[in-house]
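>>> coordinates only, sequence not included:
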């Protein structure tokens with residue numbers, strides 16, 4: 001069983017969990033049977049296998065004994081267990097007074113993802129927003145935000161964009177609609193600067209921007225925004241965060257992921273190519289001159 005480099009704690013827990021699930025399947029055991037061996041409820045086994053719970057040293061040793069894992073493979077898995085148990089406060093901990101639980105979960109996955117696929121029907125993706133654009137869309141909401149809270153949330157959004165320029169940057173693929181380009185968020189000056197930013201960001205080798213034109217019709221129509229994160233080297237994303245007015249909903253079940261991976265590819269196929277996308281962005285920017 002090959003184990004890739006551990007990455008951050010979340011990625012390490014997910015990789016360890018996937019390996020534990022493979023070992024359980026290999027031995028033909030149910031989660032209930034493994035829970036009995038660990039003297040715990042099957043929900044704990046499920047959370048371990050999904051990477052939603054750090055594995056204790058005691059449970060790790062018990063599982064390695066149950067699955068009769070060879071010493072060399074054990075050591076690889078042990079490194080994932082150790083990495084998954086590390087408790088280092090993330091940079092956004094300093095903004096905990098304005099960050100919701102669901103947003104913190106989103107940031108955790110974004111910080112460790114190898115790649116991100118995002119679809120936005122109306123707005124520019126956060127990774128590509130200017131400060132002015134981010135500030136304009138942050139203030140509106142269910143509850144009024146004070147100036148300091150808006151400042152903090154805008155700072156978080158700007159800090160997130162560092163993932164695109166790190167030594168090992170996240171690959172970012174965005175599909176948006178023409179409506180996102182034409183909705184004048186923040187006014188003409190803010191929007192003109194935002195469109196220029198899109199063209200600049202598209203020059204990064206790890207960034208891909210595609211626009212679905214109005215002429216695409218129903219083939220490019222999907223009302224809800226969503227983000228897919230790939231935590232490893234797999235070709236398909238394995239975690240989805242679906243946006244709604246109530247917050248962000250995490251999904252990682254196999255059926256949902258198959259559907260959303262397929263939906264994203266269908267939307268991308270309805271979009272213009274890279275060069276045509278930049279031409280459309282530039283033409284709309286000129287309309288604002």
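Sure, I can see it. Treat the numbers as computed from the prediction; the structure is a model and nothing was measured.
>>> let me see the ranges of the strands in the stretch 51-200 of the chain.
Here the stretch 51-200 of the chain has its strands, by DSSP state E, counting those that start in this stretch, at 115-120, 171-177.
>>> other SSEs contacting the longest one?
For strand 171-177, the elements it packs on are strand 115-120, strand 207-212, helix 254-270, judged by 3 or more CB pairs under 8 Å, 6 or more residues apart in numbering; DSSP states H and E. In this view, the C-beta of every residue, glycine as well, is placed from N, C-alpha and C.
>>> looking at it, residue 46 is touching residue 30, isn't it?
No: using CB atoms under 8 Å, residue 46 makes no contact with residue 30, being 11.1 Å away.
>>> could you dump the helices and strands packed on strand 171-177 to CSV with distance to residue 241, mean neighbour count and mean pLDDT?
CSV is the format used below for the helices and strands packed on strand 171-177 (distance: least, CB to CB, whole Å; neighbours: other CB atoms under 10 Å; pLDDT from 0 to 100):
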stretch, distance to residue 241, mean neighbour count, mean pLDDT
strand 115-120, 9, 22, 96
strand 207-212, 19, 22, 98
helix 254-270, 10, 15, 95
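>>> how near is residue 283 to residue 193?
From residue 283 across to residue 193, the span is 16 Å (CB to CB, to the nearest Å).
>>> let me see the contact set for residue 126.
134, 157, 160, 161 (CB atoms under 8 Å, 6 or more residues apart in numbering).
>>> with neighbour numbers in mind, choose between residue 46 and residue 30.
residue 46 (16 against 11; other CB atoms under 10 Å).
>>> what comes into contact with the strand or helix carrying that one?
Here residue 46, judged by DSSP states H and E, is contained in helix 42-49. With CB under 8 Å, 6+ apart as the test, helix 42-49 has contacts from 17-18, 20-21, 24, 30-32, 34-35, 38, 53, 55, 59.
>>> would you mind putting the strands of the stretch 51-200 of the chain into a markdown table with distance to residue 66 alongside?
Converted to a markdown table, the strands of the stretch 51-200 of the chain look like this (distance: least, CB to CB, whole Å):
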| stretch | distance to residue 66 |
| --- | --- |
| strand 115-120 | 34 |
| strand 171-177 | 37 |
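>>> among those strands, which is nearest residue 274?
strand 171-177 (10.8 Å; CB to CB).
>>> what is the rounded mean pLDDT of stretch 35-45?
In this model, stretch 35-45 has an average pLDDT of 89.
>>> burial measure for residue 132, as a count.
17.
>>> what do you get for residue 121?
Using other CB under 10 Å: residue 121 sits among 18 other residues.
>>> need the helices and strands packed on strand 171-177 in TSV (columns: distance to residue 68).
Shown next, in TSV, are those (distance: least, CB to CB, whole Å):
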stretch	distance to residue 68
strand 115-120	35
strand 207-212	45
helix 254-270	27
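>>> tell me which of those sits nearest to residue 64.
helix 254-270 (26.3 Å).
>>> what about the stretch 151-289 of the chain, any weak spots by pLDDT?
233-235 (pLDDT under 70).
>>> for residue 79, see how far away residue 128 is.
Counting by CB to CB, the gap from residue 128 to residue 79 is 35 Å.
>>> more neighbours: those two, which one.
The neighbour count for residue 128 versus residue 79, taken as other CB under 10 Å, is higher for residue 128 (22 against 15).
>>> so what's that one up against?
161, 174, 197, 198, 201, 207, 209.
>>> can you do 7 Å?
Shown in contact with residue 128 (CB atoms under 7 Å, 6 or more residues apart in numbering): 174, 197, 198, 201.
>>> next, count neighbours for the last one.
Applying the criterion other CB under 10 Å, we find 19 residues in the vicinity of residue 201.
>>> who's in contact with it?
Going by CB under 7 Å, 6+ apart, the list of residues near residue 201 reads 128, 207.
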